[in-house]
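Asker: here is a sequence with its predicted model. Questions after.
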Amino acid sequence: MSEKHYKNIKEVSELLNIKEHVIRHWDSIDPKTNKIRIQGLSIRSKGGTRYFGKENIKKLEKLKNLLFENGKHNYSLDLANKILTTNNSLNKNINIKSEKSTNNTRSAPNLNLLNSVINKLKKLDNL
């Protein structure tokens, strides 16, 4: 039997041990800003049904870990969202810089610094 590419909210809720209403809240529109609270948590059908791919599930898991590490509420939803988006943009920037530095021998000393930053970000990703 082949594994489904997308899961529904009930399957994701059971997989990550997050209540469905919490996932809906994170993926809903904030009435104050009229924007989705956390971008990229789900894919919606024309009828509005939420579906979750592998990347969406990874993002939900990272968000859960940021918010509820060690059974405590660590960050606000807004701060956790900023951390997630900052880590994603840092990863993209570091990959671009490391590609440039491998082509340029003068920036070799900075490569060690970049590698240490990449390792620290990977540790954050594993939270």
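Answerer: Perfect, thanks for sending it. Residues are numbered from 1 along each chain as shown.
Asker: roughly how far apart are the spatially closest residue to Ile83 that is not a sequence neighbour and Ile38?
Answerer: In space, not counting the residues next to it along the chain, Ile83 is nearest to Leu66; the distance is 6.0 Å by Cβ to Cβ, 6 or more residues apart in numbering. Backbone N, C-alpha and C define where each C-beta goes, glycine included. Plainly put, Leu66 is 11 Å away from Ile38 if you go by Cβ to Cβ, to the nearest Å.
Asker: overlap in contacts of these two?
Answerer: Common contacts of Leu66 and Ile38, defined by Cβ atoms under 8 Å, 6 or more residues apart in numbering, comprise Leu84.
Asker: pop the domain breakdown of the chain in here.
Answerer: The chain breaks down into these structural domains: 1-68, 75-127 (assignment by automatic domain parsing).
Asker: hmm, back to that, for whichever helix or strand the residue nearest to Ile83 is part of, buried residues please.
Answerer: Remark: Leu66 resides in helix 54-68, with elements defined by DSSP states H and E. Buried positions in helix 54-68, judged by neighbour count with 16 or more other Cβ atoms under 10 Å: Asn56, Ile57, Lys59, Leu60, Lys62, Leu63, Lys64, Asn65, Leu66, Leu67, Phe68.
Asker: how about Asn74, secondary structure?
Answerer: Taken by DSSP: H, G, I helix; E, B strand; the rest coil, the conformation at Asn74 corresponds to coil.
Asker: just for this structure, where's the confidence low?
Answerer: Using pLDDT under 70 as the threshold, the predicted model of the chain has low-confidence ranges 1-2, 70-72, 88-113, 125-127.
Asker: so where do the helices sit in it?
Answerer: Counting by DSSP state H, the chain has helices at residues 9-16, 20-26, 54-68, 77-103, 108-125.
Asker: stretch 7-21: how far from the chain's middle?
Answerer: 16 Å (Cα atoms, centre = their mean, to the nearest Å).
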